[in-house]
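> Any chance you can model this:
(one chain, ligands or ions: 2)
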Amino acid sequence: MSSDWLRDAVIYEIYPQSFADSNGDGIGDLRGVIDHLDHLSWLGVDTIWFNPCFASPFVDAGYDVSDYLRIAPRYGTNDDMVELVQAAHDRGIRVLLDLVAGHTSDQHPWFVDACQASGPTPDGDRYVWAEAPPLRDTSGDIPGTAAWVRSPGPRGGWYLKNFYDQQPALNFGWGQLTADEPWRDPVDAPGPLRNRQALKDIIASWLDRGVAGFRVDMAFSLVKDDPGLVQTTRLWREIRQWMGSTYPDAVLVPEGIEPRMGEPPAFDADFFLVIFPEHGSLFDNQGAGYSPFHEPWSPFFDADGAGSTDVFLAAWEYAREVAADRPVILASADHDLNRMVCGPRTADQARSAFAFLLTWGSVPSIYYGDEIGMRYLPGMPDVEGAICNPAYNRAGCRTPMQWDDGPNAGFSTADPSSLYLPIDPDSRRPTVAEQRTDEGSLLHLVRRLITLRRANPELGGRASTRVLNRGYPLAFLRGERVLVVVNPRREAATVDVADAEGAGLLLGEGARLTGTSVDVEGFGFGVWRLRG
Ligand code: NOJ
Ligand code: CA
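Numbers count the residues shown, from 1 in each chain. Ligands and ions are numbered 1, 2, ... in the order given. Below you'll find the predicted structure:
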């Protein structure tokens, strides 16, 4: 597959609401992104992943789509997206969109029509409808999300939702059929087949406009009550194969890790989810080390050095089972939980975390603003579904990109009703503008690390990754030639690496090689090329 390019990618996630506002209405837009492509190009990233930017009532920040074929007017027009894709392409940057495959908005004409119908649609139901709420909860594979909601009418009964009530689940059929729940369609019933075709039409429509592929929201939620996710994965394999035959360069990246089924994988990568332990055990440092999705813990990137790489490395090994060079995407953070600079972690402490992220064998994804050390802000007010429950506040990682200290820096001044007013308790707020002029800034370090990754194929997504020391400091060998040692804790750490003698330092902070002994100061790191 020539979708192979993903292995070399360095991804940058843009949350469009908050990235750059070109017209001063308080909300980011595509023109703002176009105006700032030079920043991304200077930084060295080559792939943008956009959060959803389609027409939506924004109950869940755009993850509730009311028209998949139209850019949300507040962001611009379809033509603006085409212009953006072209302008990005001119700078060697590809664009991935977010495909919200499992559910629509309740404002989508499909759902509005379904509510108006007197009963099941003769062409096949696009949504899952039950006359009475089912006795057993067999609704989905993602705990705590899928559930039944009473129909707003006139059609009676209950519909299945995926996340918020305003996100009715699309009907892709059921893995298990039961006589007492006759509304369970098989995966090849007319409704599920219509929806499958609709996904292809949406995919084709945007690929025809030059986008490079999609990140698929809740990719493994499609077929309900699907033990082992067998049917869901088959569905995606079919879509991916169709895609490959028409758009050989395009990629599909799932939200999550694809289950191993002994068959060729459907997706082009696995994605280590920020909300789950494979990522959280490294970085989740939200105050008390809290995530609503796992027990409190100290992450490995912890100043006291109380964490471990065990959970991450186990997930890494699992992901490598299919193929040693299949991309695993690992993000600095994303729009669903915290940021790299979060809780007690400072921007200075994040330097070694970026050194790890950009030298490990995964495909790195940088969440907008993490490159300047923007902080997760606790206690932010709810904006468009950012707060799922009191313990799960995503608003703090969605604040406006801090370009500069100018009057419209936080999208705040032009429109007093702006939803995106930043509230930043830091007396010294990092901005792109100030960090561009400071060679010692986190921004410059991230740029140097990306440059280093590109200049040394051993550091890229195709080369092997061999762990030499899994504790403090973490030491690993890339491509059997490049040694990386990272110390995420305050206390200095030492490791002996037999082959290190005489190795040449490529980039480092607070790291010293004496014979075969590597000494790394607190929060330091070093990257060396082995001799010979
Ligand atoms: C996962 C997305 O990342 C999240 O932001 C969204 O709320 C849910 N899926 C529902 O679409
Ligand atoms: Ca705007």
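
> quick one, what contacts the closest residue in space to residue 188 that isn't next to it in sequence?
Of all residues not flanking residue 188 in the chain, residue 173 sits nearest, at 7.1 Å (Cβ to Cβ, 6 or more residues apart in numbering). All C-beta spots, glycine's among them, are computed from the backbone N, C-alpha and C. Neighbour list for residue 173: 184, 185, 186, 187, 188, 189, 191, 192, 223, 224, 231 [criterion: Cβ atoms under 8 Å, 6 or more residues apart in numbering].

> could you flag which of these are buried?
Taking 16 or more other Cβ atoms under 10 Å as the criterion, what is buried in the contacts of residue 173 is 184, 185, 187, 189, 191, 192, 223, 224, 231.

> Which members of those define the maximum pairwise distance?
191 and 231 (14.5 Å; Cβ to Cβ).

> of all the residues in the stretch 51-200 of the chain, which ones are close to ligand 1?
Contacts of the stretch 51-200 of the chain with ligand 1, taken as Cβ under 6 Å from any ligand atom, map to 60, 63, 100, 163.

> burial of residue 382, as a residue count?
For residue 382, the count of nearby residues is 12 (other Cβ atoms under 10 Å).

> Quick check: it touching residue 398?
No. Here residue 382 does not reach residue 398: they are 10.7 Å apart, not a contact under Cβ atoms under 8 Å.

> now the stretch 51-200 of the chain, which segments are flagged as low pLDDT?
135-145 (pLDDT under 70).

> can you map out the helices along it?
Assigned by DSSP state H, counting those that start in this stretch, the helices in the stretch 51-200 of the chain fall at 78-90, 109-116, 190-207.

> Over to the chain?
Listed in chain order, the helices of the chain (DSSP state H) span 16-19, 30-35, 37-43, 78-90, 109-116, 190-207, 230-246, 277-283, 310-320, 350-357, 432-436, 442-455.

> Reformat those as CSV; add distance to residue 521.
Below are those laid out as CSV (distance: least, Cβ to Cβ, whole Å):
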stretch, distance to residue 521
helix 16-19, 35
helix 30-35, 38
helix 37-43, 26
helix 78-90, 39
helix 109-116, 57
helix 190-207, 47
helix 230-246, 46
helix 277-283, 20
helix 310-320, 23
helix 350-357, 10
helix 432-436, 23
helix 442-455, 15
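
> can you tell me which of those helices comes nearest to residue 177?
helix 230-246 (11.2 Å).

> Count the neighbours of the nearest residue to residue 76 once chain neighbours are set aside for me.
In space, and not counting its chain neighbours, residue 76 is closest to residue 30: 4.0 Å by Cβ to Cβ, 6+ apart. Neighbour count of residue 30, defined by other Cβ under 10 Å: 28.

> for residue 454, same thing?
Neighbours around residue 454, by other Cβ under 10 Å: 14.

> surely it meets residue 460?
Yes. Using Cβ under 8 Å, residue 454 is in contact with residue 460, at 7.5 Å.

> can you pull the contacts of the closest residue to residue 389 other than its chain neighbours?
For residue 389, ignoring the flanking residues on the chain, the nearest one in space by Cβ to Cβ, 6+ apart is residue 292 at 7.4 Å. By Cβ under 8 Å, 6+ apart, the contact set of residue 292 is 275, 388, 389, 391, 392.

> Give me the buried entries from those.
For the contacts of residue 292, buried by 16+ other Cβ under 10 Å: 275, 388.

> Give me the most central residue, the chain.
For the chain, the residue nearest the mean C-alpha position is residue 334 (5.3 Å; Cα atoms, centre = their mean).

> Quick check: closest non-adjacent residue to that one.
residue 274 (4.6 Å).

> now the one you found: how far from residue 228?
Residue 274 sits 24 Å away from residue 228, going by Cβ to Cβ, to the nearest Å.

> So those two - more neighbours on which side?
residue 274 (25 against 12).

> State the distance from the more buried one to residue 230.
Separation of residue 274 from residue 230 (Cβ to Cβ): 26 Å.

> where's residue 251 relative to residue 368, distance?
Applying Cβ to Cβ to residue 251 and residue 368 gives a distance of 20 Å.

> I'd say the residue nearest to residue 76 and residue 54 touch.
No. Using Cβ under 8 Å, residue 30 is not in contact with residue 54; the gap is 11.9 Å.

> Spell out which parts of this structure neighbour ligand 2.
Contact residues (Cβ under 5 Å from the ion) of the chain with ligand 2: 21, 23, 25, 27, 29.

> and the two most separated of those?
23 and 27 (8.9 Å).

> More neighbours: which of these two?
Legend: neighbour count by other Cβ under 10 Å for residue 23 and residue 27, higher for residue 27 (21 against 12).

> where does the nearest residue to the more buried one once chain neighbours are set aside fall, phi/psi-wise?
Distances taken as Cβ to Cβ, 6+ apart put residue 74 closest to residue 27, at 5.3 Å, once the chain neighbours are dropped. Phi and psi for residue 74, reported as degrees, to the nearest 10, are phi -70, psi -20.

> Could you check the pLDDT of residue 409?
Residue 409 is assigned a pLDDT of 58 by the prediction.

> likewise the one 4 residues further on?
According to the prediction, residue 413 has pLDDT 42.

> again with residue 512
98.

> partners of it in the sheet?
Counting by DSSP bridges, residue 512 is bridged to residue 519.

> doesn't residue 528 make contact with it?
No. Counting by Cβ under 8 Å, residue 512 stays clear of residue 528, with 10.8 Å between them.

> okay, those two: which has more neighbours?
Ranked by neighbour count (other Cβ under 10 Å), residue 512 and residue 528 place residue 528 first, with 22 against 14.

> In contact with the residue nearest to residue 76, which residues are there?
For residue 30, the contacting residues are 16, 53, 71, 75, 76, 80, 81, 83, 84, by Cβ under 8 Å, 6+ apart.

> The last one - how many residues pack around it?
By other Cβ under 10 Å, 25 other residues sit near residue 84.

> How about residue 15?
24.

> Could you list which residues are in contact with it?
28, 51, 61, 335, 367, 368, 398.

> what's the spacing between the residue nearest to residue 443 when sequence neighbours are not counted and ligand 2?
Spatial nearest neighbour of residue 443, chain neighbours left out: residue 435 (3.8 Å); criterion: Cβ to Cβ, 6+ apart. Here the criterion is Cβ to the ion, to the nearest Å. By it, residue 435 lies 24 Å from ligand 2.

> Could you do residue 278 as well?
In terms of Cβ to the ion, residue 278 sits 35 Å off from ligand 2.

> pLDDT wise, what is that residue at?
As predicted, residue 278 sits at a pLDDT of 94.

> Run a quick neighbour tally on the nearest residue to it once chain neighbours are set aside.
Spatially, and ignoring its direct neighbours in sequence, residue 278 is nearest to residue 315 (3.7 Å; Cβ to Cβ, 6+ apart). Residue 315 is flanked by 21 other residues according to other Cβ under 10 Å.
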